[in-house]
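Trainee: with the sequence up front, the predicted model follows.
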Amino acid sequence: MWVILGVIAIVVTVINLSLYAAGKDYKLAMAMALSFTSLTICADYSYLSRWVKVEDWAALSDVIPGMARAFWFLTIVSILLNIAPIFLERKRKKL
């Protein structure tokens, strides 16, 4: 499930940036992309909690360190890409 939500978040981010480039209202797409990013993290956290319930410590010790770094990186990139149009719009209005 988290893979599907992640792909949706990426697609909606691309739509967000495309709408901004076309000069259309992008705010709904931005909110949806950030929401799907959050849902992706929640879904993966739920998936990992299953391993905790069955006490699969080997799987957790293999996956968690890499996933933690990936989540931080991808979440920061998602936030920056999705709010970039706001900053670009403000910069354009000042000029």
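Mentor: Arrived safely. Please read all numbers here as calculations on a predicted model, not as lab measurements. Numbers count the residues shown, from 1 in each chain.
Trainee: top helix in the protein by residue count?
Mentor: helix 57-94 (DSSP state H).
Trainee: quick one: list the elements packing against the helix or strand bottoming out on mean pLDDT in the chain.
Mentor: Using mean pLDDT, DSSP states H and E, helix 57-94 stands out as the lowest-scoring helix or strand of the chain, at a mean of 91. Judged by 3 or more CB pairs under 8 Å, 6 or more residues apart in numbering; DSSP states H and E, helix 57-94 is in contact with helix 2-21, helix 27-53. All C-beta atoms are positioned from the backbone trio N, CA, C, and that covers glycine.
Trainee: adding mean neighbour count, mean pLDDT and distance to residue 88, write these out as TSV.
Mentor: What follows is these, written out as TSV (neighbours: other CB atoms under 10 Å; pLDDT from 0 to 100; distance: least, CB to CB, whole Å):
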stretch	mean neighbour count	mean pLDDT	distance to residue 88
helix 2-21	17	95	7
helix 27-53	16	94	12
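Trainee: okay if I get these as a markdown table plus distance to residue 95?
Mentor: A markdown table is the format used below for the helices and strands packed on helix 57-94 (distance: least, CB to CB, whole Å):
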| stretch | distance to residue 95 |
| --- | --- |
| helix 2-21 | 16 |
| helix 27-53 | 21 |
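Trainee: residue 92: which of the ones you listed is closest?
Mentor: helix 2-21 (10.5 Å; CB to CB).
Trainee: give the contact list for the residue positioned nearest the centre of the chain.
Mentor: Centroid check for the chain by CA atoms, centre = their mean gives residue 37 as the closest residue, at 2.9 Å. Applying CB atoms under 8 Å, 6 or more residues apart in numbering, one finds that residue 37 lies in contact with 9, 74-75, 78-79.
Trainee: any figure for the gap between it and residue 60?
Mentor: 23 Å (CB to CB, to the nearest Å).
Trainee: I am finished for the moment; much appreciated.
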